[in-house]
Every structure is written in structure tokens, then in C-alpha cells.
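>>> This is the structure alone, sequence omitted:
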């Protein structure tokens, strides 16, 4: 992402925080950047392009935050705890974008109803970025005895990502919970269902 695209994403995040998805337009971006709409047009900046830039950056930040838990020390339970908390913390600055995208078309995590074959392939690859770390941690936890074994690891990881991510966003945006309260409540509940030690699960 070049300097211009970085400026675009920063301005777009500010607009989303202020006015939600309805406020994210090329005209509002131009005003925020002190540029003309024609300037943005010449640079290929459309609303769809801005959303694509934001989505890619969000996915990259998620990878940087969560993937290190795959090689960190600790049990599968402890590393899954860190991964899920990192998921919430990464999602927080992007919460207005993610909630808006979900309302529009399922966002970057789902496959649009009218997607082309290329778009479907991209959607599957994108979903893998978010789900694969959790699949790995579920397997590691089952092997070291800190997490229960599940019949379908990929399915459980998908449910887990959506359960934690979307519930966290709903509490932060819809219920206006604090970041700490939403993170603690959502992650604790998810871990309680997966812990091989019921006492440890309840105590998180």
C-alpha cells in the first residue's frame, strides 16, 4: 500500500467512525483529504476500491496479530485465548467498517450471493486467513489435553471466529460496551465451551 492509499484508508476510517458506511463516499473522502473528486477519479479511487483497500489492510493486521500465537509458548488453550483476544483487539478499530460491510453484503468474511468464480475463490482464500490459525490451535490444544477434541476442526474454527468476532462487534457497536468488557465476556464464554478443564474454562 503506497502513501496515497494509506492516506485514503486513514481518511476512510475517520469517516466510518463519524458517520458509518453511509458517510463513506468519494465526495466525503475528497473533502477530508482536501482534494477534488476528479483527483480521486484519476487515481482510480471509487467507493468499492476504498472498501477493498480497507479490507486488505484489516486482514493483514489480523494476520500480524494472530499468526504469532501459532509458534508462541503455552498450551493450546492459552494460545487460543491470546488469539481470540487479539481478534477482538484487531477488530476494534475496524468495527464500523466490519459492521457496515456485514449489513451490505457479508463483508470480507463471506461469499457474495452474485459472486463470480474468481470472487468466490478470493472469498474462500480470505476466509482461510481468518480461520486457519484457530484450526491449528484447536488441534494443538486437543493434542496437549488443554482443549476438548471436536469432530470437525475447520467447522468449529469457523463457528468460533464468527461467534467471537461478530458478538464482540455487536456488543461494542450495538450495545456500546467497553472494549475490555466485550472482549473479556465473549472470549471467556467461547473458551469455557472448549476447555478440557471445566474449572479453568469458567475461571477465565
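Right, received. Where do you want to start? All values reported here derive from a predicted model rather than from experimental measurement.

>>> Identify the residues contacting the residue nearest the centre of the chain.
With distances taken as CA atoms, centre = their mean, the residue of the chain nearest its centroid is residue 91 (4.9 Å). Taking CB atoms under 8 Å, 6 or more residues apart in numbering as the criterion, residue 91 is in contact with 62, 98, 165, 168, 169. From N, CA and C alone the C-beta is placed, and that goes for glycine too.

>>> how about those in CSV, adding neighbour count, secondary structure and pLDDT?
Compiled in CSV, these are given as follows (neighbours: other CB atoms under 10 Å; DSSP: H, G, I helix; E, B strand; the rest coil; pLDDT from 0 to 100):
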residue, neighbour count, secondary structure, pLDDT
62, 20, helix, 91
98, 23, helix, 83
165, 21, helix, 93
168, 26, helix, 97
169, 21, helix, 94
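
>>> Adding distance to residue 150 as columns, could you present these in CSV?
Listed next are those as CSV, based on distance: CB to CB, whole Å:
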residue, distance to residue 150
62, 22
98, 26
165, 19
168, 22
169, 24
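
>>> Could you pull out the helices in this protein for me?
Assigned by DSSP state H, the chain shows helices spanning 3-19, 26-33, 37-42, 47-66, 76-91, 95-105, 117-144, 153-169, 179-194, 198-203.

>>> what does the first one contact?
Same thing as helix 3-19. In contact with helix 3-19 (CB under 8 Å, 6+ apart) are residues 1, 23-24, 28-29, 32-33, 43, 45, 50, 53-54, 57, 93-94, 96-97, 100.

>>> Can you tell me which of these are buried?
23-24, 28-29, 32-33, 45, 50, 53-54, 57, 94, 96-97, 100 (16 or more other CB atoms under 10 Å).

>>> ranking the helices of the chain by burial, who's on top?
helix 76-91 (a mean of 22; mean count of other CB atoms under 10 Å).

>>> Helix 95-105 and that one, what's the angle between them?
90 degrees (axes from the mean of the first three to the mean of the last three CA atoms, to 10 degrees).

>>> quick one, helix 76-91 and helix 47-66 angle?
Orientation of helix 76-91 against helix 47-66 (the same axes, to 10 degrees) gives an angle of 150 degrees.

>>> what's the average pLDDT for helix 76-91?
Across helix 76-91, pLDDT averages out at 96.

>>> quick one: it to chain centroid distance?
12 Å (CA atoms, centre = their mean, to the nearest Å).

>>> That helix versus helix 153-169: what angle between them?
50 degrees.

>>> nearest residue to residue 142 other than its sequence neighbours?
Nearest residue to residue 142, sequence neighbours excluded (CB to CB, 6 or more residues apart in numbering): residue 149, at 4.4 Å.

>>> Distance of that neighbour relative to residue 21?
41 Å (CB to CB, to the nearest Å).

>>> Perfect, I'm done here.
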